[in-house]
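S.K.: structure for the following, please:
(3 chains)
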Amino acid sequence: MKGLLIRDLSLAVRAGGGFGLGLAFFLIVTILMPFGIGPNTSTLTIVAPGILWIGALLACLLSLDRMFALDWEDGSLELLATSPLPLEAVAGVKALAHWLTTGLPLVAAAPVLGIVLNLPPQGFFWLIASLAIGTPALSAIGTFGAALTVGLKRGGLLLSLLVLPLYVPTLLFGAEVARRGVEGSDAATPLVLLAGLTLAASAAMPFAAAAALRVNLR
Amino acid sequence: MSLSVENLSCTRGGLPVLTGVTFHVDPGEALILRGPNGAGKTTLLRTLAGLAPALFGGIAVSEDSIAYSGHADGLKAQLSVAENLRFWADVFRAPGIDAAVDAFDLGELMDRRAGNLSAGQKRRLSLARMLVTGRAIWCMDEPTVSLDSENVARFAAAVKQHLSNGGLAVIATHIDLGLPEARALDIAPFMASQIETDPSDDPFLAEDTL
Amino acid sequence: MPKLRAMSLWEYANPRKFMATSAALLPWVIALSAICLGTGLIWGFFFTPDERLQGASVKIFYIHVPTAMMAINAWAMMLVTSLIWLIRRHHVSALAAKAAAPVGLVFTAIALITGALWGQPTWGTWWEWDPRLTSFLILFLFYLGYIALWEAVENPDSAADLTSVLCLVGSVFAIVSRYALLFWNQGLHQGWSISATDGEAPVADVYWYPAMISIAGFVLLFVALVLFRTRTEIRARRLKALITRERMA
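M.R.: Okay, here's the model as predicted:
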């Protein structure tokens, strides 16, 4: 399993691996927002938590379709399926690799973008905490969507349609934490719920993803 | 360690392709699958490897003993030859990759990116992967595609070595590997289209469905 | 197969048995549904008094509530049939789930549209990000995704497997979303119109009887549509099987 994680990480950072694409997308979405909303800093303060969360969600979504598609095309997914690694473990490792290469950079970039969007100082801690705790759920749920659509023509658009409604609870809790953090009200409750969601999704989604992979491989 | 297949029916895309396939392979033996294009050789191998479910019938084999190689090489273009092999060695918990490197003469290519290899070199790397799996039963689909005669001989030698170690192999190929241990099985008689099937087996084909 | 075996529910999972039974059942279901819908809606629209606060606009209730109920029930039915397919591999079950999805989608759309039409005069807004309204919007997206996945996968058995897993996972997420939405916004929508929670019926008897009849009518309409569409799906599968046999011969 460690070997697969290292392989996926090194594939992501090498030429053509797409590392940083999600981050760049996050940057662009966030920077474009004030052009659409207007430069009024007090308005930006109100919408900043939501924009950062939606930007992170879309950036995660953008890189999902590569998760299994590349291994499917070159035949290594078949070989992994016949290897001693259970497909559940393969799906779990893929989700972890996706989070490390997409989710974690977003968490790191969020404070800078928070400054750009005039996020008040008390909001930073909760924004970072909510992204750090919530984005693993996005990767885990996305793994299931990617497994459902692997091998389909034009799977990318379908993937978004399937995954976005599944992302709703994570987005609700995550943005709620960030928003309450800005307002200075109790943000710990939604954060705990978000953490529960992440734990449940990380535990259960690899099984659903593996079931979908088995169907798509036959 | 042996492989027994009893009255196996295989499907592709939800349709029966082969029915009533029965054979037995003992350790040290190789079974060469023959048959026209589209007969179902790939489907049979994928069913043996557990990728495709059998419609019915049984495959008697001990768990985790089959190594599969398909049409695709399963290589990562961005990784070097050594990295590719080491990855599979790690997945299959193999001790090392040296024997596999020697068997397919990959020593000179170790640091080359797999994406820069020729088709024949990629195939050699893909075949070397079978050696690092350390598994007893090889199920191989057209393994000699894009290999020159020198490397076909290398492959035949590797299979021979595998068989003499008590392994066995099921190989779909059109060429003669020159293996005395090999036995050919023509799968044409098992093709579902050649056999008169009972339409009531398929709930959607029964005459009074409408 | 022994002939003496008692008939079980699973017999209807055989396409032949299902076709025979549904053919006999369908005209009755259609007729009953038409009678119930006709009676319930005409009674409700023309022979009940206008409500004290909401006036005549309350009469959209006779369409809004039954379609909203069926929007959820259709998904529940798809969940059950998907589970039956995953566990027992009955083709009719998978095809019934496929057949129910577009019906559920249309019921969800009608519930959303009638809700907007009702909300405008009552709350003064077409749309409100209320938890109940929002969860129907999300349900709508789930239906869309489910139908799109059926359409995208070529092999019918794989499509049945993948959509069943999606239906299962989607159901869990739909319930989580429901509670997440309550956390997110407390909402304007009145409580569930039909159930009486605090001892007093929220709906007076004059409205209650026609409402029950039109709910029955919509349930029967759903059953009729699903039976009809499942029959079409079975015929389509048979056609496919026949064409394949021709090609192979």
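S.K.: so who does the residue of chain A found nearest chain B touch?
M.R.: Residue nearest to chain B within chain A (C-beta to the nearest C-beta): A:Gly75, separated by 2.5 Å. For the C-beta atoms, the positions are set from N, CA and C on the backbone; glycine is no exception. Going by C-beta atoms under 8 Å, 6 or more residues apart in numbering or on different chains, A:Gly75 touches B:Gly70, B:His71, B:Ala72, B:Asp73, B:Gly74.
S.K.: go with 7 Å
M.R.: The contact partners of A:Gly75, taken as C-beta atoms under 7 Å, 6 or more residues apart in numbering or on different chains, are B:Gly70, B:Ala72, B:Asp73, B:Gly74.
S.K.: relative to chain A, which residue of chain B is the closest?
M.R.: Closest point on chain B to chain A, by C-beta to the nearest C-beta, is B:Ala72, at 2.5 Å.
S.K.: helix/strand/coil for that residue?
M.R.: Secondary structure assignment for B:Ala72 (DSSP: H, G, I helix; E, B strand; the rest coil): coil.
S.K.: what do you get for B:Leu75?
M.R.: With three-state DSSP as the basis, B:Leu75 sits in coil.
S.K.: what about it, how many neighbours?
M.R.: 25 (other C-beta atoms under 10 Å in any protein chain shown).
S.K.: same question for B:Gly166.
M.R.: B:Gly166: 11 neighbours (other C-beta under 10 Å).
S.K.: what sits against it?
M.R.: Here B:Gly166 is in contact with B:Met1, B:Pro27, B:Gly28 (C-beta under 7 Å, 6+ apart).
S.K.: can you do 6 Å?
M.R.: B:Pro27 (C-beta atoms under 6 Å, 6 or more residues apart in numbering or on different chains).
S.K.: which strands and helices sit next to the longest helix along chain C?
M.R.: Across chain C, the longest stretch assigned as helix under DSSP state H is helix C:205-248. Helix C:205-248 sits against helix C:15-46, helix C:61-88, helix C:91-123, with contacts defined as 3 or more C-beta pairs under 6 Å, 6 or more residues apart in numbering or on different chains; DSSP states H and E.
S.K.: again, 10 Å this time
M.R.: strand B:15-25, helix C:15-46, helix C:61-88, helix C:91-123, helix C:156-184 (3 or more C-beta pairs under 10 Å, 6 or more residues apart in numbering or on different chains; DSSP states H and E).
S.K.: the fourth one near chain B anywhere?
M.R.: The one in question is helix C:91-123. Yes. Residues of helix C:91-123 are located near chain B by C-beta under 10 Å from any C-beta of the partner chain, namely C:His91, C:Val92.
S.K.: backbone phi and psi for B:Gln78, please?
M.R.: When read as degrees, to the nearest 10, the backbone of B:Gln78 gives phi -80, psi -10.
S.K.: how many residues are close by it?
M.R.: B:Gln78: 20 neighbours (other C-beta under 10 Å).
S.K.: can you tell me the closest non-neighbouring residue to it?
M.R.: Distance criterion C-beta to C-beta, 6 or more residues apart in numbering or on different chains; nearest residue to B:Gln78, sequence neighbours excluded, is A:Arg14 at 4.5 Å.
S.K.: go on, B:Pro53?
M.R.: Excluding its sequence neighbours, the residue lying closest to B:Pro53 (C-beta to C-beta, 6+ apart) is A:Arg218, at 6.2 Å.
S.K.: contacting residues for the one you found?
M.R.: A:81, B:11-14, B:46-47, B:50-53, C:155, C:157-158, C:161 (C-beta atoms under 10 Å, 6 or more residues apart in numbering or on different chains).
S.K.: can I get stretch A:188-204 in PDB? Just the C-alpha atoms.
M.R.: The C-alpha trace of stretch A:188-204 is given here as PDB (Å, rounded to 0.1, in the frame of the first residue of the first chain):
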ATOM      1  CA  ALA A 188     -17.000  24.000  17.200                       C
ATOM      2  CA  THR A 189     -20.400  22.200  16.800                       C
ATOM      3  CA  PRO A 190     -20.400  22.200  13.000                       C
ATOM      4  CA  LEU A 191     -16.700  21.400  13.100                       C
ATOM      5  CA  VAL A 192     -17.300  18.200  15.100                       C
ATOM      6  CA  LEU A 193     -20.100  17.300  12.700                       C
ATOM      7  CA  LEU A 194     -17.800  17.900   9.700                       C
ATOM      8  CA  ALA A 195     -15.100  15.700  11.400                       C
ATOM      9  CA  GLY A 196     -17.700  13.000  11.800                       C
ATOM     10  CA  LEU A 197     -18.700  13.200   8.200                       C
ATOM     11  CA  THR A 198     -15.000  13.000   7.100                       C
ATOM     12  CA  LEU A 199     -14.400  10.000   9.300                       C
ATOM     13  CA  ALA A 200     -17.500   8.200   8.100                       C
ATOM     14  CA  ALA A 201     -16.800   9.000   4.400                       C
ATOM     15  CA  SER A 202     -13.200   7.900   4.700                       C
ATOM     16  CA  ALA A 203     -14.200   4.600   6.300                       C
ATOM     17  CA  ALA A 204     -17.200   3.800   4.000                       C
END
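S.K.: one step back: which of the helices and strands packed on helix C:205-248 sits closest to chain A?
M.R.: In terms of C-beta to the nearest C-beta, the element of those nearest to chain A is helix C:156-184, at 4.1 Å.
S.K.: which parts of the closest one are buried?
M.R.: Neighbour counts using 16 or more other C-beta atoms under 10 Å in any protein chain shown place C:156-171, C:173-174, C:176-178, C:180-181, C:184 of helix C:156-184 among the buried residues.
S.K.: next one: stretch C:85-93
M.R.: By neighbour count on 16+ other C-beta under 10 Å, the buried set for stretch C:85-93 is C:Trp85, C:Leu86, C:His90, C:His91, C:Val92, C:Ser93.
S.K.: equivalent analysis for stretch B:98-109, please.
M.R.: Using 16+ other C-beta under 10 Å as the test for burial, stretch B:98-109 gives B:Ala100, B:Val101, B:Ala103, B:Phe104, B:Leu106, B:Leu109.
S.K.: could you do stretch B:175-185 as well?
M.R.: For stretch B:175-185, by 16+ other C-beta under 10 Å, it's B:Leu177, B:Leu179, B:Glu181, B:Ala182, B:Leu185.
S.K.: for the second one, which residues are in contact?
M.R.: Read it as B:Leu179. Contacts here follow C-beta under 10 Å, 6+ apart; on that basis B:Leu179 touches B:Glu29, B:Ala30, B:Ile32, B:Ala156, B:Ala157, B:Val159, B:Lys160, B:Leu163, B:Ala169, B:Ile171.
S.K.: my guess is A:Tyr50 meets A:Ala178, correct?
M.R.: No, residue A:50 isn't Tyr; it's Gly. Yes. At 7.7 Å, A:Gly50 and A:Ala178 qualify as touching, with contact defined as C-beta atoms under 10 Å.
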